[in-house]
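Peer 1: have a look at this prediction, sequence included:
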Amino acid sequence: MFADLKGKVAVITGASKGIGRGIAARFGQEKMKVVVNFHHDSEQADTVVEEVKRAGGDAIAVRADVSKEDEIKRLIEVTIETFGCLDVLVNNAGIQTTCPSHELSLEDWHKVMDTNLTGAFVACREAIKFMLAHNIQGNIINVSSVHQKIPKPFHVHYASSKGGLRLLTETLALEYAPHGIRVNTIAPGAIATSMNEHILSDPEQNEVVRSLIPMNRVGEPKEIASSAAWLASEEANYVTGITLFVDGGMTLYPF
Ligand code: NAD
């Protein structure tokens with residue numbers, strides 16, 4: 001636990017399930033005030049709100065499609081209206097589809113880019129505006145992927161969005177370090193969530209995935225959440241612009 005996180009206000013995008021949910025639960029244990037952003041699944045988001053509250057934090061659920069600029073602006077506004085501040089932004093919402101690159105429509109390219117990269121940029125911009133105006137030594141965590149580094153055939157839009165997220169992080173980290181605003185990336189490896197359930201539930205494919213991981217197992221959302229808590233805390237006060245690979249060693253293999 002990180003004592004300084006108590007009472008801090010965090011927005012987590014795509015927090016109704018998976019990694020986002022894991023981060024929300026951990027922030028609840030840290031007694032933080034959490035805005036649980038969701039897109040469609042309001043019931044699941046309400047469950048996460050209850051989980052955060054049971055753990056000792058406070059929370060609200062706010063619907064917003066992160067691929068829409070006006071909805072992100074509203075998400076940040078509601079956070080500030082409700083909790084009076086914004087200390088931590090976690091850009092976690094993400095989508096992934098599979099398609100040979102030569103068949104990928106521009107529409108599908110934009111859908112992934114708008115959600116995974118443009119949405120993160122807009123949320124960063126709005127959060128930073130508030131942090132600068134109120135002299136908040138804020139904290140931004142972008143959830144990227146090992147595929148910001150490892151190319152992923154049939155996922156050119158996804159890999160490009162995550163590569164972009166890395167440079168978004170590094171550029172903002174450099175630009176706002178003088179203001180005490182830290183910006184970092186967490187790059188998960190294979191984590192057991194609905195995003196890759198179809199692969200992990202197939203024993204053969206599961207075996208293939210594990211063979212790519214030196215630790216020979218997939219990770220859990222709580223293992224990403226503990227890194228997010230550390231990065232958000234004062235313990236990481238001198239850390240900005242990094243990518244923290246939480247991947248069981250996956251990126252150590254030469255691909
Ligand atoms: P998930 O599908 O379980 O959760 C994704 C969340 O994003 C969901 O809550 C979904 O509703 C939300 N979301 C999607 N589009 C949205 C939109 N337009 N507006 C608001 N919310 C939206 O997947 P996950 O595995 O928990 O993924 C979380 C993040 O971690 C993603 O950015 C993903 O790329 C990244 N990641 C996951 C893995 C993995 O193995 N699971 C590996 C590397 C990176």
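Peer 2: Yep, that arrived.

Peer 1: can you tell me the helix or strand for Ala59?
Peer 2: strand 58-63 (DSSP states H and E).

Peer 1: strand partners of that strand, parallel vs antiparallel please.
Peer 2: Strand 58-63 has the following strand partners under DSSP bridges: strand 33-38 (parallel).

Peer 1: close to the ligand: what parts of the protein are there?
Peer 2: 13-14, 16-20, 37-39, 65-67, 92-96, 115, 143, 145, 188, 190-191, 193-196 (CB under 6 Å from any ligand atom). For glycine as for every other residue, the C-beta is placed from the backbone atoms N, C-alpha and C.

Peer 1: in strands only, show me those residues.
Peer 2: Within the residues of the chain next to the ligand, membership in strands is found for 37-38, 143, 188, as judged by DSSP state E.

Peer 1: and the furthest pair within the residues you listed?
Peer 2: Phe38 and Pro188 (19.8 Å; CB to CB).

Peer 1: all helices for this structure, in order.
Peer 2: 18-29, 42-54, 69-83, 106-113, 119-133, 156-176, 197-200, 203-211, 221-232 (DSSP state H).

Peer 1: the first one: how far from the chain's middle?
Peer 2: So that's helix 18-29. Distance, stretch centre to chain centre, for helix 18-29: 11 Å (CA atoms, centre = their mean, to the nearest Å).

Peer 1: now that helix: mean pLDDT?
Peer 2: In this model, helix 18-29 carries a mean pLDDT of 98.

Peer 1: with the shortest one instead?
Peer 2: When pLDDT is averaged over helix 197-200, the result is 90.

Peer 1: how about stretch 30-38 as CSV, C-alpha atoms only?
Peer 2: Extracted C-alpha coordinates of stretch 30-38, given in CSV (Å, rounded to 0.1, in the frame of the first residue of the first chain):
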residue,chain,number,x,y,z
GLU,A,30,-5.5,2.6,-1.6
LYS,A,31,-8.6,4.5,-0.4
MET,A,32,-8.6,6.6,-3.5
LYS,A,33,-11.6,8.4,-5.2
VAL,A,34,-12.1,6.6,-8.4
VAL,A,35,-14.1,7.5,-11.6
VAL,A,36,-15.0,4.2,-13.2
ASN,A,37,-15.4,5.0,-16.9
PHE,A,38,-17.4,2.6,-19.0
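
Peer 1: pLDDT weak spots in the stretch 1-150 of the chain?
Peer 2: By pLDDT under 70, the stretch 1-150 of the chain contains no weakly predicted segment.

Peer 1: coming back round to it: contacts made by the strand holding Ala59 with the rest, please.
Peer 2: 16, 24, 28, 32-39, 42, 45-46, 48-49, 52-53, 71, 75, 78-79, 82-83 (CB atoms under 8 Å, 6 or more residues apart in numbering).

Peer 1: likewise for stretch 78-91?
Peer 2: Residues from elsewhere that reach stretch 78-91, judged by CB under 8 Å, 6+ apart: 8-13, 15, 20, 23, 27, 32-33, 35, 58, 60, 62, 66, 76, 119-120, 123-124, 127, 130-131, 134, 136, 138-143, 165, 228, 232.
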